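>>> task: produce atomic coordinates for the following.
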Amino acid sequence: MKSQIIAQYDSPHQFEPLMPQESKMGPLLERASDLTRAAAKLAAPTSPVAHRELRALLRSMNSYYTNRIEGEHTRPVEIERALAHDFSSDADISRRQRLAVAHIQTEQACEQALVSGQLVQSGPGLGLYSARAILHLHDLLFQGLTHQDLILSDGHSVLIPGEFRKRQVAIGRHEAPAHEAIPAFVERWAQSYAGVRKGEASIVAAAASHHRLAWMHPFADGNGRVSRLHTHLLMHSMGLTSGLWSPLRGFARTEDRYRALLQGADEHRRGDLDGRGNLSEAGLIGWIDYTIEMCIDQVEFMGEQLNIQGMQDRIRACLMFEENARKSGVRKEALIALHYLFASQEELGRAEFKAMTGLGDRVATQTLSALLKQGFLATDAPYGKVRFAIPSHALRFYFPALWPEAEKDQALVEVELRGDDEPDGAATTCPSG
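Reported below is the predicted structural model:
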């Protein structure tokens, strides 16, 4: 027997099941175990402060991709400019820039709160599975926008950051719960998922909770972004990401599947073999399996990107391009020192760095200055130690196919600066990721 079609959702039992039955959990737990092992392998050589510059890049990428799913993204170069407080004079572009920066800042602040214990998966502190947490995320994502930015698509309603919606909404074929019932639905959602045992089951719960949070559609706008960031933070809270990957990239790069499987989990139960709740258990399982698959895919992709030997070859190619094509003052003799900084994720004193180039002092100093100017090195003080950094124009060499849109955007910027018709450099062969 199919479940009853409900005209309006007004009671939390109507969005059961929140988790698959135990008899259906086996394959999902196995996939979650695969994710745990892959994530541990990726994180093994990483110290808590390692890959600082890469993490900053990934936050920008996550922001780009989550906003792209909503059709509210801006060019990667415009995100970079906004982070330097350079906003477009075009009202729509500047709004998108503010959305991008807000996501970057929120992701960073929440990850830091997880480290400090102010934000937790469950237990003492502000639990991720709570109404307060999702209201807080929504507030952080949208509080920096102007009043004009917050006007909704109907032209007169205004989004209030950090507040549940006060009106009825429909998303495609899905009629969201009555707005008066949202607190009760959220409380049921929070209690159910916070109570799941730790380990592989908590990964399954994180995937399931993403759909059920999006299904509730608790806000007038921003539900997808809150749901995706919430899932990212759950994975981070479990120690799975190490700041080196996110499901957001996977969702955006398989957007058709992402939307189709979310919609599939919205469906009503199809018969007696489709669980015991009102909504389709098969649809929920399909969504969970996809989410874990996306996570594994991202972990494996980043494992390839961070391969130490492979990176040496990519740094070499980049330095040759800088020296021979861009003529930026960067020299190929910096290879050993740059690769050491990448492999060790440590900092080097400037004298040590120059010595590793094997160049004379004057030329080594010029090379170091060029590396800093071009963004290949970062430092916290005028004469301080230096660390590995990732300039946007080196992205296509260092991490090919990580963020293809940013690679293309940077090539266009270089063309604009030179006034050429074609970007410099041969196309790189990229893993699919």
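>>> from here on, contacts and neighbour counts on C-alpha atoms
Will do.
>>> all the helices of the stretch 251-400 of the chain, residue numbers only.
Assigned by DSSP state H, counting those that start in this stretch, the helices in the stretch 251-400 of the chain fall at 255-266, 281-305, 308-321, 335-344, 350-357, 361-373, 395-398.
>>> what's the last one packed up against?
The reference is to helix 395-398. Packing partners of helix 395-398 (3 or more CA pairs under 8 Å, 6 or more residues apart in numbering; DSSP states H and E): helix 308-321, helix 404-418.
>>> dump these to CSV, plus mean neighbour count.
Compiled in CSV, those are given as follows (neighbours: other CA atoms under 10 Å):
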stretch, mean neighbour count
helix 308-321, 18
helix 404-418, 16
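>>> nearest to D139, of those helices?
Minimum separation from D139 across the helices and strands packed on helix 395-398 (CA to CA) falls at helix 404-418, 28.0 Å.
>>> got the CA coordinates for that closest one in CSV?
Output of helix 404-418 as CSV, limited to C-alpha atoms (Å, rounded to 0.1, in the frame of the first residue of the first chain):
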residue,chain,number,x,y,z
PRO,A,404,38.3,24.3,-13.8
GLU,A,405,36.2,27.4,-13.8
ALA,A,406,38.9,29.3,-11.9
GLU,A,407,41.6,28.0,-14.3
LYS,A,408,39.6,29.3,-17.3
ASP,A,409,38.8,32.6,-15.6
GLN,A,410,42.5,33.2,-14.8
ALA,A,411,43.5,32.5,-18.4
LEU,A,412,40.9,35.1,-19.6
VAL,A,413,42.3,37.6,-17.1
GLU,A,414,45.8,37.1,-18.4
VAL,A,415,44.5,37.5,-22.0
GLU,A,416,42.8,40.8,-21.0
LEU,A,417,45.9,42.1,-19.3
ARG,A,418,48.1,41.3,-22.3
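>>> what's the pLDDT at the nearest residue to P218 once chain neighbours are set aside?
With CA to CA, 6 or more residues apart in numbering as the criterion, P218 has its nearest non-adjacent residue at 5.5 Å, and that residue is F164. Looking at F164, its pLDDT is 98.
>>> correct me, but E200 touches L29?
Yes. Taking CA atoms under 8 Å as the definition, E200 is a contact partner of L29 at 5.6 Å.
>>> out of the helices and strands packed on helix 395-398, flag the one nearest R188.
That would be helix 404-418 among those, by CA to CA, at 39.6 Å.
>>> so which elements touch that closest one?
On a contact count with 3+ CA pairs under 8 Å, 6+ apart, helix 404-418 meets helix 76-83, helix 395-398.
>>> ok, which of the ones you listed comes nearest S369?
Short answer: helix 395-398, nearest of those by CA to CA, at 20.1 Å.
>>> taking the mean pLDDT, what do you get for the closest one?
Helix 395-398 comes out at a mean pLDDT of 95.
>>> so what touches that helix?
305, 311, 314-315, 317-318, 390, 404, 407, 428 (CA atoms under 8 Å, 6 or more residues apart in numbering).
>>> kindly format the C-alpha coordinates of that helix as CSV.
What follows is helix 395-398, C-alpha atoms only, in CSV (Å, rounded to 0.1, in the frame of the first residue of the first chain):
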residue,chain,number,x,y,z
LEU,A,395,46.3,26.6,-10.2
ARG,A,396,46.2,24.8,-13.6
PHE,A,397,49.7,23.4,-13.0
TYR,A,398,49.5,22.7,-9.2
